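In: pasting the structure only:
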């Protein structure tokens with residue numbers, strides 16, 4: 001089965017349902033930086049695209065638990081992982097532009 005990749009929330013919901021996990025069960029597995037699990041309500045808000053994950057850490061948690069590529073999830077929420085943000089900060093505008101042109105070309109096939 002393929003995931004619904006039309007939004008971050010739909011990807012999370014689709015992956016969760018494919019794995020037969022309830023929202024409550026998934027929420028208990030997604031651990032914030034402070035060691036506490038997210039709430040089922042927060043997960044529900046994410047799945048319905050009312051909220052986005054608030055940190056790189058949470059994106060990584062969703063990717064790990066649901067076995068989804070983290071870079072794909074970052075793309076759905078319009079973020080770059082921290083390591084890529086560091087690269088962008090060090091690059092010239094022309095280098096960044098060239099990288100995104102190559103990225104778009106790769107996705108278009």
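Out: Perfect, thanks for sending it. Predicted model only: the values in this text are computed from it and were never measured.
In: Let me know the pLDDT of residue 70.
Out: In the predicted model, residue 70 carries a pLDDT score of 94.
In: Could you find the closest non-adjacent residue to it?
Out: In space, and not counting its chain neighbours, residue 70 is closest to residue 63: 3.8 Å by C-beta to C-beta, 6 or more residues apart in numbering. (C-beta placed from N, C-alpha, C; glycine too.)
In: Looks to me like that neighbour is in a helix.
Out: Yes: counting by DSSP: H, G, I helix; E, B strand; the rest coil, residue 63 is found in a helix.
In: Tell me how many other residues crowd it.
Out: 18 (other C-beta atoms under 10 Å).
In: Ok, residue 45 next?
Out: 15.
In: quick one, helices of the protein?
Out: Taking DSSP state H, the helices of the chain run over residues 8-18, 23-29, 40-47, 56-66, 70-76, 82-90, 93-108.
In: From residue 6, how far off is the most centrally placed residue in the chain?
Out: Closest residue to the average C-alpha location of the chain: residue 73 at 2.7 Å, with C-alpha atoms, centre = their mean. Using C-beta to C-beta, to the nearest Å, residue 73 is found at 13 Å from residue 6.
In: just to revisit the earlier point, can you check the pLDDT for the residue nearest to residue 70?
Out: We have a pLDDT of 98 for residue 63.
In: from memory it sits against residue 76, does it?
Out: No: assessed by C-beta atoms under 8 Å, residue 63 is found out of contact with residue 76, at 11.1 Å.
In: Poorly predicted segments of the chain, please.
Out: Applying pLDDT under 70 to the chain flags residues 1.
In: Okay, domains of it per the record?
Out: 1-78, 80-109 (automatic domain parsing).
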